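Chemist: Predicted model follows, preceded by the sequence.
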Amino acid sequence: MKRLLFLIFIAVSSLSFAQDLESGYYRVSNLKTGRYVYVKDNTGSISIQAATAEMGAIELWKDHSLTLSDPASVIYVEYCGSGSGGAYYDLKAQGTGVYSIIGYHVFAAYSRGSYQVYAEGKYLCDNNFGSGPSGQMGTDRTGDYRRWLVSKIDGSDEEFFGINPSVNVNGRYFYPFYADFGFSVGNGMKVWIAKSVDASAVEMVPFEGNVVPAKTPVVIECCSDDIYQNKLDIVKSEGAIAQSNLLKGVFFNNATRKNRVAFDSSKMRVLGVMPDGNLGFVLSDVTPDKNDGKRYLAANQSYLELPAGLPDNIRVLFPGDENGVTEILSGYTTKEVYTIWGVKVGDYPPSQIENLPVGIYIIDNKKVVIR
């Protein structure tokens with residue numbers, strides 16, 4: 001039974017480390033193949049008769065540069081103590097963890113500059129021969145196929161986590177982000193959450209605090225389109241934020257294992273560019289799945305969930321940011337004036353409208369800036 005529980009751990013978390021590793025965030029690659037470990041799912045299965053585990057949740061891929069902006073490659077190793085088998089750890093990634101799943105910690109052995117993971121004679125390995133880009137986690141290979149290199153994510157140019165922005169609007173760079181680790185941002189970067197939404201706009205406000213807790217869906221504004229300029233300082237931080245936040249997030253988009261969230265156009269919007277060129281939350285334009293025709297939310301990204309009946313495109317507004325709206329009223333007859341949040345200010349002729357306090361208003365279903 002102990003062996004079976006260990007195999008369940010492999011199927012779900014896929015990661016193991018050795019003696020004297022301090023608690024922290026790491027990446028793991030295979031010594032023989034150079035492929036990196038990615039946690040792409042949190043499900044697994046086991047055959048009691050065969051005493052084997054299904055490990056398709058774990059993907060192995062070459063190219064270190066791809067790990068630098070993918071949360072699936074970030075593993076938290078937590079030192080928990082030492083026993084007769086040596087040091088033992090809890091391992092956490094993508095919203096799951098070894099101890100919480102099986103009730104056991106994991107042991108590993110270190111030799112010749114690399115780590116081996118085993119239980120009752122079974123070693124975790126890259127099961128794929130050859131030099132192709134992808135591999136499969138398994139227990140069949142021997143030699144260097146079952147040796148692993150562990151690199152701490154220390155913020156250096158060699159091993160860091162950075163944001164590769166996906167939306168560029170008027171020279172500003174943004175990325176909708178959701179991950180299972182806390183972080184703070186570097187100089188020139190900002191973190192936004194969604195405070196309120198109606199048919200006219202999504203009100204974005206700054207995240208309050210120095211460290212964004214794990215599992216907090218946000219929008220990150222980057223200082224450039226260069227990932228090396230958009231580094232996050234990854235830290236261990238749990239718990240919910242005190243602010244109200246309408247954003248939600250998903251960890252996985254795994255088509256093979258059917259662990260994914262379908263985009264619902266009646267109540268979901270994703271960050272993107274509106275037809276008028278402004279930043280907004282819009283309908284997904286990803287390619288539909290060839291099998292079922294559905295669109296799916298991207299892994300490790302935030303999205304906006306809203307009441308049904310709102311427009312397909314809803315503009316993003318930041319505090320003090322006109323967001324490209326520059327129209328000034330002129331020559332209007334008396335009009336109803338509303339705040340951007342739908343509260344009626346009153347009925348005003350043009351002369352009084354122009355004397356309203358500085359701000360953004362809704363008049364004739366148009367956003368109007370009073371300066």
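Modeler: Perfect, I can see it now. Bear in mind the structure is a predicted one, so any value in this text is a computation, not a measurement.

Chemist: Phi, psi for Gln229 please.
Modeler: phi -100, psi 0 (degrees, to the nearest 10).

Chemist: do the same with Tyr145
Modeler: phi -70, psi -20.

Chemist: I'd guessed it sits against Leu60; true?
Modeler: No - between Tyr145 and Leu60 there is no contact under C-beta atoms under 8 Å: 10.9 Å. In this view, the C-beta of every residue, glycine as well, is placed from N, C-alpha and C.

Chemist: intersection of neighbour lists for those two?
Modeler: The contact sets of Tyr145 and Leu60 overlap at Asn30, Thr33, Asp126 (C-beta atoms under 8 Å, 6 or more residues apart in numbering).

Chemist: can you tell me which of these are in helices?
Modeler: Using DSSP state H to define helices, no part of the shared contacts of Tyr145 and Leu60 is located there.

Chemist: ChimeraX command to pick out the buried ones of those?
Modeler: Applying 16 or more other C-beta atoms under 10 Å to the shared contacts of Tyr145 and Leu60 leaves a buried subset, and the ChimeraX line that selects it is:
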select :30,33,126
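
Chemist: Now render the shared contacts of Tyr145 and Leu60 as a markdown table, adding pLDDT and distance to Lys366.
Modeler: Below are the shared contacts of Tyr145 and Leu60 laid out as a markdown table (pLDDT from 0 to 100; distance: C-beta to C-beta, whole Å):
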| residue | pLDDT | distance to Lys366 |
| --- | --- | --- |
| Asn30 | 97 | 58 |
| Thr33 | 97 | 58 |
| Asp126 | 95 | 59 |
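
Chemist: Out of the shared contacts of Tyr145 and Leu60, list just those in strands.
Modeler: Asn30, Asp126 (DSSP state E).

Chemist: Tell me the one of the shared contacts of Tyr145 and Leu60 nearest Ile360?
Modeler: Closest approach to Ile360 among these (C-beta to C-beta): Asn30, at 54.0 Å.

Chemist: wait, what's in contact with the residue lying closest to that closest one once chain neighbours are set aside?
Modeler: Leaving aside its sequence neighbours, Asn30 sits nearest to Asp126 (C-beta to C-beta, 6 or more residues apart in numbering; 4.2 Å). Neighbouring residues of Asp126 by C-beta under 8 Å, 6+ apart: Asn30, Lys32, Thr33, Arg35, Leu60, Gly135, Gln136, Met137, Gly138, Arg141, Tyr145, Arg146.

Chemist: and of those residues, the nearest to Ala194?
Modeler: Once C-beta to C-beta is applied, the member of the contacts of Asp126 that ends up nearest Ala194 is Leu60, at 35.8 Å.

Chemist: What separation do you get for the closest residue to Gly34 other than its chain neighbours and Val150?
Modeler: Among residues not flanking Gly34 along the chain, Lys62 sits closest, at 5.7 Å (C-beta to C-beta, 6+ apart). Distance, Lys62 to Val150, using C-beta to C-beta, to the nearest Å: 17 Å.

Chemist: Please enumerate the helices of the stretch 51-200 of the chain.
Modeler: Along the stretch 51-200 of the chain, counting by DSSP state H, counting those that start in this stretch, helices occupy 64-67, 98-102.

Chemist: Select from these the stretch with the lowest mean pLDDT.
Modeler: Comparing mean pLDDT over these, the weakest stretch is helix 98-102, at a mean of 67.

Chemist: The residue nearest to Asn30 bridge partners, please.
Modeler: In this entry, Asp126 is beta-bridged to Met137, by DSSP bridges.

Chemist: quick one: low-confidence ranges for this protein?
Modeler: 1-19, 44-55, 98, 100-103, 119-121, 321-334, 341, 349-352, 354, 371 (pLDDT under 70).

Chemist: What are the structural domain limits within it?
Modeler: 2-152, 164-320, 335-370 (automatic domain parsing).

Chemist: show me what contacts the residue nearest to Pro311 when sequence neighbours are not counted?
Modeler: Distances taken as C-beta to C-beta, 6+ apart place Ala199 nearest to Pro311, at 5.8 Å, with adjacent residues excluded. For Ala199, the contact set (C-beta under 8 Å, 6+ apart) comprises Leu310, Pro311, Ile314, Gly342.

Chemist: Helix, strand, or coil at the second one?
Modeler: For Pro311, the reduced secondary structure class is coil; criterion used: DSSP: H, G, I helix; E, B strand; the rest coil.

Chemist: where's it relative to Met274, distance?
Modeler: 10 Å.

Chemist: now swap in the first one and tell me
Modeler: Spatial separation of Leu310 from Met274 under the definition C-beta to C-beta is 14 Å.

Chemist: again with the last one
Modeler: In this structure, Gly342 lies at 19 Å from Met274, with C-beta to C-beta as the measure.
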